[in-house]
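Chemist: Need a 3D model of the sequence below.
(4 chains)
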2 protein chains.
Amino acid sequence: MPTRIRPRTACAPADDLSNPIPEEFCDHLGFVLARARLELIRGLDAVIQPSGLQARHFALVRLLLQRPGLSQAQISALLGTDRTTTMKMADDLERRALVSRKRSATDRRANTLSLTPQGERWIARLQPALEDEEARFLEPLSPGERALLQELLVRLVQHATTPNNPNNQHE
Amino acid sequence: MPTRIRPRTACAPADDLSNPIPEEFCDHLGFVLARARLELIRGLDAVIQPSGLQARHFALVRLLLQRPGLSQAQISALLGTDRTTTMKMADDLERRALVSRKRSATDRRANTLSLTPQGERWIARLQPALEDEEARFLEPLSPGERALLQELLVRLVQHATTPNNPNNQHE
DNA sequence: TTCTTTTAATCAGCAATACTGAGCATTCTT
DNA sequence: AAGAATGCTCAGTATTGCTGATTAAAAGAA
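Modeler: Okay, here's the model as predicted:
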C-alpha cells in the first residue's frame, strides 16, 4: 500500500478541501507562525476585551510587574513596539489607573512607569483566564512539547533581536 | 553555589537590561509567538517589498500554485483572512498580472483564481531569497529543531482552526 | 414551479492601527 | 558653552481590518 510521506503532519493533500491547511504550507514557516499567533492572540484578546484593553497592554503590564520603573523607551525596545504605540498604551493604562507615570529621578526626560495596586490586581484577576486560554490553545501538545516550543521560540526571538546579527538590520 | 533555574533558556534576569527578553516572558507564549512572527514577517516583507507587495500576497500565490482554481471564499477560509482583504489582495495581484480571475464554470457567482505564467515566474524568482531569509531566521535552530518547530505549529494551527473545537468559537 | 434564504463577490465607508515628522525638554559630547 | 542626541508628546497621515449594503447566482422550501 502507498504510505504517505510525513504522516505525522496534519496537512492535507492538494485535493482535500475540507482540511484547513494545505500541504504546501507545512514548509512555509511564515504562514503557520502568523496563523498560530493570530489564533492565540484572538483568544487572549477576547479574555481581555471586557477591560477595553488588549493582549499588548497585558504584556506591558506584566513586563512592569517584572521590572518596575522602566521607561517608555526601554519598554518599546523590549516589546518591539513603536515609541508612539507604547505611549498610547501607557495612556490607556494610566487612564484606567493601572499604571502610573513618574519623572525619572536620574533622567528627567524619561517617564518611569510602574504598576498601581489596581494594576497588580488586574493582572491577578486576568491571569487564570489567560492561562486557561493558552492551555486550550496548547491542548494538542504534550507538556514536553509545550516547553520545547517555548524554548525554540525564545531562541529565535533572542537571535532575531540581538543587535549584532539582525539578519537584515532594518537600517 | 546557587545555580539558576532553567539555565537553557536565553531569558534575562530582571536586572539585566541588555538582554532583550526579560525572564518573565519565557513563559508568556503569546509574547514570544507574536515577537517571532513579527521579526520573520518583517524580513520576508523586506524581500518582497520591491514588488510593492507583501508576504501575504506571496502566501496567496503559493497557495494557488498548489491548488489552482480556488475561489476567493475558499482562499479566505484557508488563509484565515477576511473576504474583503482577500479581494484586495486579488486586486493587487491581478493588477500586476500575477493571477487571473475567471468566472467559475460550476458556480457563476464565484471567481476562480489561477496563476499566470508571470505569477509562476514571480514565485520562482522570489523563492530563493525568501528561503534564505527564513534560513537566517532559523539559524539558531538545528535542522531537527526546525522540523519540530514547524510540526508543532502546524498541529496548533490545525487544532485552533478545526470547526468543532475552536476553543471559544468566535460566535 | 415560485418564493425565500443563503452564498460569492464587490464596493463604500468607518474605526482602529502604525507610523512620520515636528516640537520641546533634557542629557550627552566635545 | 554649543551642538548633537535622546525621551516624550502631539498632530497628521497612510494603512489596515472590518461592517454593511448591493448585485448576482445558487440552494432550499412550499
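Chemist: Spatially nearest residue to residue A:120 (excluding sequence neighbours)?
Modeler: In this structure, residue A:120 finds its nearest non-sequential neighbour in residue A:65, 7.0 Å apart by CB to CB, 6 or more residues apart in numbering or on different chains. Where C-beta positions appear, they are placed from N, C-alpha and C, glycine not excepted.
Chemist: where's that neighbour, which helix or strand?
Modeler: helix A:55-66 (DSSP states H and E).
Chemist: One more: residue A:78?
Modeler: Going by DSSP H and E, residue A:78 is in helix A:72-79.
Chemist: buried residues in that helix?
Modeler: Burial within helix A:72-79, assessed by neighbour count using 16 or more other CB atoms under 10 Å in any protein chain shown, is assigned to A:72, A:74, A:75, A:76, A:77, A:78, A:79.
Chemist: The first one touches residue A:87, doesn't it?
Modeler: Yes: with contacts counted by CB atoms under 8 Å, residue A:72 reaches residue A:87, the gap being 6.0 Å.
Chemist: thinking again about what came up before, which one of the buried residues of helix A:72-79 sits closest to DNA strand C?
Modeler: Among the buried residues of helix A:72-79, residue A:76 lies closest to DNA strand C (CB to the nearest atom of the strand), at 9.6 Å.
Chemist: just checking, the closest one touches residue A:83?
Modeler: Yes: under the contact definition of CB under 8 Å, residue A:76 touches residue A:83, with a separation of 5.1 Å.
Chemist: Can you tell me how far the residue nearest to residue A:120 is from DNA strand C?
Modeler: Remark: distance between residue A:65 and DNA strand C (CB to the nearest atom of the strand, to the nearest Å) = 22 Å.
Chemist: distance of residue A:112 from chain B?
Modeler: Distance, residue A:112 to chain B, using CB to the nearest CB, to the nearest Å: 14 Å.
Chemist: which residues of chain A fall in strands?
Modeler: Assignment of strands within chain A using DSSP state E yields the ranges A:70-71, A:99-103, A:111-115.
Chemist: looking at these, which is closest to residue A:130?
Modeler: Among these, strand A:111-115 comes nearest to residue A:130, with 16.6 Å by CB to CB.
Chemist: Parallel or antiparallel, which strands does the closest one pair with?
Modeler: Partner strands and pairing direction for strand A:111-115 (DSSP bridges) are strand A:70-71 (antiparallel), strand A:99-103 (antiparallel).
Chemist: Could you export it as CSV, CA atoms only?
Modeler: Output of strand A:111-115 as CSV, limited to C-alpha atoms (Å, rounded to 0.1, in the frame of the first residue of the first chain):
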residue,chain,number,x,y,z
ASN,A,111,8.9,58.6,32.2
THR,A,112,9.2,55.9,34.8
LEU,A,113,6.3,53.5,34.6
SER,A,114,5.1,51.3,37.5
LEU,A,115,2.1,49.3,38.4
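Chemist: sorry, back to before: nearest to DNA strand D, of the buried residues of helix A:72-79?
Modeler: Set against DNA strand D, the nearest of the buried residues of helix A:72-79 by CB to the nearest atom of the strand is residue A:72 (3.5 Å).
Chemist: about what we covered before: return the most buried member of the strands paired with strand A:111-115.
Modeler: strand A:70-71 (a mean of 20; mean count of other CB atoms under 10 Å in any protein chain shown).
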